[in-house]
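Engineer: Fold the following, please.
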Amino acid sequence: MDKPPPAGAARMSMVSAFVPIWMLTAVGYAACRWGLLGEAAAAVLGRFVFHLAMPSALFLALSRMPLSGFAGRPLLAFAISTATVVGVGWVAASWLFGHTSGERPIWGMAAGYVNSANLGIPIATQVIGNVSFLAEVLLLQVLVVTPVILIALDRHSDPAGWVRVGRIASLPVRNPVILASLLGVACSATGLHLPSTASASLTLLSGAAVPAALVALGASLHRTGPSRVEPTQPAELAVLTALKLVAQPVIAYAAGLALHLSAPQLLAVVVCAGLPTAQNTFIYSQEYGVGETVANRAVVATTTLSLATLAAAAALLR
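Structural biologist: Numbers count the residues shown, from 1 in each chain. Sure, this is the predicted structure:
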């Protein structure tokens, strides 16, 4: 693992990594408030990201990612923290706040699905020194956590609320996120490369995924007229934020100690576990029409507060 940069430089670079996220979210809010994009802006942008831009980005990332040489123990420590926090969030949604079965997966995702791409990459580069472990985190989330979340959401969308084998088997065909991920892994495993024109087109499309998702997130924060969902209770947001920014990195740290990770490995695991909620949480909630308010509030709150918690974790573990 490369030597991380000095603490002062890392803190400044961490701040600069957050600024575009805050700015694009604010742009989306302002554009919706001023009526520049129309009342359906958040929904249209969300569907564009879910069906076109995000699948392109996932396909390209996974097709270019080697599938060998995983760091087993660090990834296990991260997986333990993710499974624990997602599970607690899933259960707390119904036990503490009485949410329906469709909202539980969104709660679990908001509690434990980290922003490993647009925010994780610059932070990992500056704090850890490289992005090799972050790439493994991305694979874990895309290939393991995402299918679980989407299967649960798909079950909620079934009229009878059943888990149907046929629907699960056809999910990769019906869901562009899973289909693109599987195709990307297949290309990586077989060494298949797309023609340059196709690759260039997907690269252009994938470049829109993060900015469009953030603009959609900002637009969703402005509601014209009565909202079709109940406002998020402060207690809900407090629990989700604590699970994401405190519980997950603490569990990752404890698991890392139990697995006898080295100091650089422990730093990588804790920093990646302490990343804020991914904006994919909002995109999925919007696509399936459940938990939109809690998803967008969780993304905004954890992204804002994680600057402080990540800096504290990095300083303590150095």
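
Engineer: just the helices in the stretch 101-250 of the chain please.
Structural biologist: 103-112, 120-123, 132-140, 146-157, 165-174, 176-190, 196-206, 209-220, 234-242, 248-258 (DSSP state H, counting those that start in this stretch).

Engineer: Tell me how far the fourth one lies from the chain's centre.
Structural biologist: Taking the mean C-alpha point of helix 146-157 and that of its whole chain, the gap between them comes to 16 Å (CA atoms, centre = their mean, to the nearest Å).

Engineer: Just name whatever secondary elements it is in contact with.
Structural biologist: Contact here means 3 or more CB pairs under 8 Å, 6 or more residues apart in numbering; DSSP states H and E; on that basis helix 146-157 packs against helix 103-112, helix 165-174, helix 176-190, helix 280-288. Just so you know, the C-beta spots here come from the backbone N, C-alpha and C atoms, and that holds for glycine as well.

Engineer: right, so those: which one is the most enclosed?
Structural biologist: Highest mean neighbour count among these (mean count of other CB atoms under 10 Å): helix 103-112, with a mean of 28.

Engineer: and that one, what does it pack onto?
Structural biologist: Judged by 3+ CB pairs under 8 Å, 6+ apart, helix 103-112 is in contact with helix 72-95, helix 146-157, helix 234-242, helix 280-288, helix 292-317.

Engineer: chain center to the fourth one, what's the gap?
Structural biologist: What it means is helix 280-288. For helix 280-288, the distance to the chain centre is 11 Å (CA atoms, centre = their mean).

Engineer: what sits up against it?
Structural biologist: With CB atoms under 8 Å, 6 or more residues apart in numbering as the test, helix 280-288 has contacts from 42-43, 46-47, 49-50, 54, 102, 106, 109-110, 113, 146, 149-150, 153, 156-157, 213, 216-217, 220, 291-292, 294-296, 298-299.

Engineer: re the thing from before, TSV for the helices and strands packed on helix 146-157, including distance to Leu58?
Structural biologist: Converted to TSV, the helices and strands packed on helix 146-157 look like this (distance: least, CB to CB, whole Å):
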stretch	distance to Leu58
helix 103-112	16
helix 165-174	13
helix 176-190	5
helix 280-288	10
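
Engineer: And those helices: which comes nearest Glu236?
Structural biologist: For the helices and strands packed on helix 146-157, the distance to Glu236 is smallest for helix 103-112, at 8.4 Å, taking CB to CB.

Engineer: Compute the inter-axis angle for the closest one and helix 248-258.
Structural biologist: Per axes from the mean of the first three to the mean of the last three CA atoms, to 10 degrees, the angle that helix 103-112 makes with helix 248-258 is 60 degrees.
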